[in-house]
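[1] Got a sequence here, can you model it:
(chains A, B, C and D)
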2 protein chains.
Amino acid sequence: MSKAIPPVSTASSRIYETLRKDLVNGQFAAGEKLAINALKEQYQVGLSPLREALNKLAAYGLLIQENQRGFKVPTLSRKELDDIAQMRLELEGMALERAIAQGDAAWEADLLGAAHRLKRADISLDKGEEWEQLHTQFHRTLVAPCGSVWLLRFIEQLHDQFDRYRRLGPKMPAIRQELDEQHHALVALALKRDSQAARQLMDEHIHTSYEVALARYQEHA
Amino acid sequence: MSKAIPPVSTASSRIYETLRKDLVNGQFAAGEKLAINALKEQYQVGLSPLREALNKLAAYGLLIQENQRGFKVPTLSRKELDDIAQMRLELEGMALERAIAQGDAAWEADLLGAAHRLKRADISLDKGEEWEQLHTQFHRTLVAPCGSVWLLRFIEQLHDQFDRYRRLGPKMPAIRQELDEQHHALVALALKRDSQAARQLMDEHIHTSYEVALARYQEHA
DNA sequence: ATGAGTTAAAAAATCGATTTTTTAGTTAAA
DNA sequence: TTTAACTAAAAAATCGATTTTTTAACTCAT
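    Okay, the predicted model is just below:
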């Protein structure tokens, strides 16, 4: 349940996390070249921590770095969205099966808790990023006991990439509700340890999200 | 065939690549804390480019970064080796199947070329890292036309992680020969477009490498 | 107009020094 | 002996300024 002990923060780690969120939320236009000096002003950070964060984001795949010409936001494409969604299908399916095979009672409890919190957030007005935050946490919890550090790492990375597309448009409560029903059904299947059905539903779930993301990408024009 | 145009290099990108190689080759002890000032001297670079490289390596997974207490080399463990090998099985198997489904004539040619160069390097005395370099290139070529940028990216990362274990010991010509036979058999199956058999052999191939890596890890003590 | 060459401005990369935090060593009280 | 408090040294992080490279604007010959 507990998250890793909150590590002491540095200017570098703070700006990294801030920029990561902003990039995932589409605060920067796809393809845009980042003006480092402007960022420095905008976020009120020094050049050194800022550059360290940008370097990390590039290694993580949320920025493109070109020697001697700085950093830019990766472009979006249908082809890449398909790639990301397909990889999510494969990797999260795999992770879910393993989690169901290995998850213990504590996991079951965490899962119920995460799903409940998500549903509640959905009912109350979503002020800010609460739903998104809880949604991320739910998916994390779902696959957490899969037993592979690397698998979890890749999935996290794919989620961030996927969300660059999914969050292009405004929030749609109707879609959220549909997704939320899938979340609860996923929990039910996970608790029943029905990995076959769970995986199939996970596929559907990702596919639903994919259609949302694709529609938004196409509207985006 | 052609690699991406050699980008202009910066002190930062050069030291990144140098350190990446050295980390994969076990030039630093597992668990070791990096003394930034010493690195600065040793590699004759300034602090800024060095820190940028270390940040990227941490995001890539070849270093662990802890706020306010610098960087250290990740420890090695049987558990992690198993994880990495298992992930390689899954991801490279997937990639190989797709590559066989999609690879064109140019790919077939590249593959024959890469396998040939690898074999030749194996026969002549291996001065330096030539074999390792060609081996990496062979595996890259094998899965290149899989169609997924993200899949390729993850595989690359896993190779680097895997090699931290595999390269712990001295070079073993006998093993290399066995691996090399598998390489050639893989090419043959790929050209025959027999993805079932190819995937099975890929599994064996990774398993063979895994046993080498495990033995070295255990000897390492 | 077009394009090669030139140059000023802007941006990226790097340096050298300063500030902050941690670590390790020392002393003194329990 | 422990352990708490303090302190000096070391290391990490950050800052401010300099150097290098790219970009964009301009000139002039074709």
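
[2] Let me see the contact set for whatever residue of chain A ends up closest to DNA strand D.
    Distance from DNA strand D to each residue of chain A (Cβ to the nearest atom of the strand) is smallest for A:Gly46, at 1.7 Å. Bear in mind the C-beta positions are built from the backbone N, C-alpha and C, glycine included. By Cβ atoms under 8 Å, 6 or more residues apart in numbering or on different chains, the contact list for A:Gly46 reads A:11, A:40.

[3] From A:Leu152, how far off is it?
    33 Å (Cβ to Cβ, to the nearest Å).

[4] Do me a favour and get the backbone dihedrals for the residue of chain A closest to DNA strand D.
    Main-chain dihedrals, A:Gly46, degrees, to the nearest 10: phi -80, psi 170.

[5] Just say helix, strand or coil for the residue sitting nearest the centre point of chain A.
    By Cα atoms, centre = their mean, the mean C-alpha position of chain A lies nearest to A:His159, the distance being 3.4 Å. Three-state assignment for A:His159 (DSSP: H, G, I helix; E, B strand; the rest coil): helix.

[6] how about the helices in chain A?
    A:11-24, A:36-43, A:47-60, A:78-102, A:105-123, A:130-143, A:149-166, A:173-191, A:195-220 (DSSP state H).

[7] Show me what the fourth one packs onto, helices and strands only.
    Under the contact criterion of 3 or more Cβ pairs under 8 Å, 6 or more residues apart in numbering or on different chains; DSSP states H and E, helix A:78-102 touches helix A:130-143, helix A:149-166, helix A:173-191, helix A:195-220, helix B:149-166.

[8] Kindly recompute the last result at 6 Å.
    When contacts are defined as 3 or more Cβ pairs under 6 Å, 6 or more residues apart in numbering or on different chains; DSSP states H and E, helix A:78-102 sits against helix A:130-143, helix A:149-166, helix A:195-220, helix B:149-166.

[9] Report the angle between it and helix B:149-166.
    Counting by axes from the mean of the first three to the mean of the last three Cα atoms, to 10 degrees, helix A:78-102 points 50 degrees away from the direction of helix B:149-166.

[10] Show residues contacting helix A:78-102.
    A:143, A:145-147, A:151, A:154-155, A:158, A:161-162, A:165, A:190, A:193, A:195, A:198-199, A:202-203, A:206, A:210, A:217, B:148-150 (Cβ atoms under 6 Å, 6 or more residues apart in numbering or on different chains).

[11] out of the helices of chain A, which comes closest to B:Thr75?
    helix A:149-166 (12.4 Å; Cβ to Cβ).

[12] other SSEs contacting that closest one?
    Packing partners of helix A:149-166 (3+ Cβ pairs under 6 Å, 6+ apart): helix A:11-24, helix A:78-102, helix A:195-220.

[13] how does it look with 10 Å?
    In terms of contact count using 3 or more Cβ pairs under 10 Å, 6 or more residues apart in numbering or on different chains; DSSP states H and E, helix A:149-166 is assigned the packing partners helix A:11-24, helix A:47-60, helix A:78-102, helix A:130-143, helix A:195-220, helix B:78-102, helix B:149-166.

[14] A:Leu201 contacts A:Lys192, doesn't it?
    No - counting by Cβ atoms under 10 Å, A:Leu201 does not reach A:Lys192; the two are 11.5 Å apart.

[15] More neighbours: which of these two?
    Set side by side, A:Leu201 and A:Lys192 show more neighbours around A:Leu201, with 19 against 11, by other Cβ atoms under 10 Å in any protein chain shown.

[16] got the contact list for that one?
    A:Leu201 sits next to A:96, A:182-183, A:185-186, A:188-190, A:194 when contact means Cβ atoms under 10 Å, 6 or more residues apart in numbering or on different chains.

[17] Likewise for A:Glu32?
    If you count contacts by Cβ under 10 Å, 6+ apart, A:Glu32 has them with A:71-75.

[18] so which of those residues are also by DNA strand C?
    Applying Cβ under 7 Å from any atom of the strand to those, one finds that A:Phe71 fall near DNA strand C.

[19] and the contacts of A:Glu32, which are buried?
    Using 16 or more other Cβ atoms under 10 Å in any protein chain shown as the burial test, these include A:71-74 as buried.

[20] Please name the spatially closest residue to the residue in chain A positioned nearest to chain B (chain neighbours excluded).
    Closest contact between chain A and chain B, by Cβ to the nearest Cβ, is at A:Ala59 (3.6 Å). Among residues not flanking A:Ala59 along the chain, B:Ala59 sits closest, at 3.6 Å (Cβ to Cβ, 6 or more residues apart in numbering or on different chains).

[21] repeat for A:Thr141
    A:Ala114 (4.4 Å).

[22] That neighbour touches A:Gln133, doesn't it?
    No - A:Ala114 lies out of contact with A:Gln133 (Cβ under 10 Å); the separation is 11.1 Å.

[23] Please say which of these two ends up with more neighbours.
    More neighbours surround A:Ala114 than the other of A:Ala114 and A:Gln133, with 22 against 14 (other Cβ under 10 Å).

[24] how about the residue nearest to the centre of chain A, what does it touch?
    A:His159 neighbours (Cβ under 10 Å, 6+ apart): A:24, A:84, A:88, A:92, A:135-136, A:139-140, A:166.

[25] How many neighbouring residues does A:Gln65 have?
    Other residues near A:Gln65 come to 19 when the count uses other Cβ under 10 Å.

[26] If you tally nearby residues, what's the number for the residue nearest to it when sequence neighbours are not counted?
    Among residues not flanking A:Gln65 along the chain, A:Ala58 sits closest, at 3.9 Å (Cβ to Cβ, 6+ apart). Neighbour count for A:Ala58, taken as other Cβ under 10 Å: 20.

[27] What distance do you get for A:Ala58 to DNA strand C?
    From A:Ala58 over to DNA strand C the distance is 10 Å, taken as Cβ to the nearest atom of the strand, to the nearest Å.

[28] now A:Leu81: how far from A:Gly61?
    The value you get for A:Leu81 to A:Gly61, if Cβ to Cβ is used, is 14 Å.

[29] Out of these two, name the residue with the larger neighbour count.
    Using other Cβ under 10 Å, the more surrounded residue of A:Leu81 and A:Gly61 is A:Leu81, with 21 against 16.

[30] if I look at the more buried one, how far off is A:Met87?
    Distance of A:Leu81 to A:Met87, given as Cβ to Cβ: 11 Å.

[31] Not counting sequence-adjacent ones, nearest residue to the residue in chain A sticking out farthest from the centre?
    Most distant from the centre of chain A: A:Gln68, at 30.5 Å, with distances by Cα atoms, centre = their mean. Computed as Cβ to Cβ, 6+ apart, the closest residue to A:Gln68 that is not its neighbour in sequence is B:Val8, at 5.3 Å.
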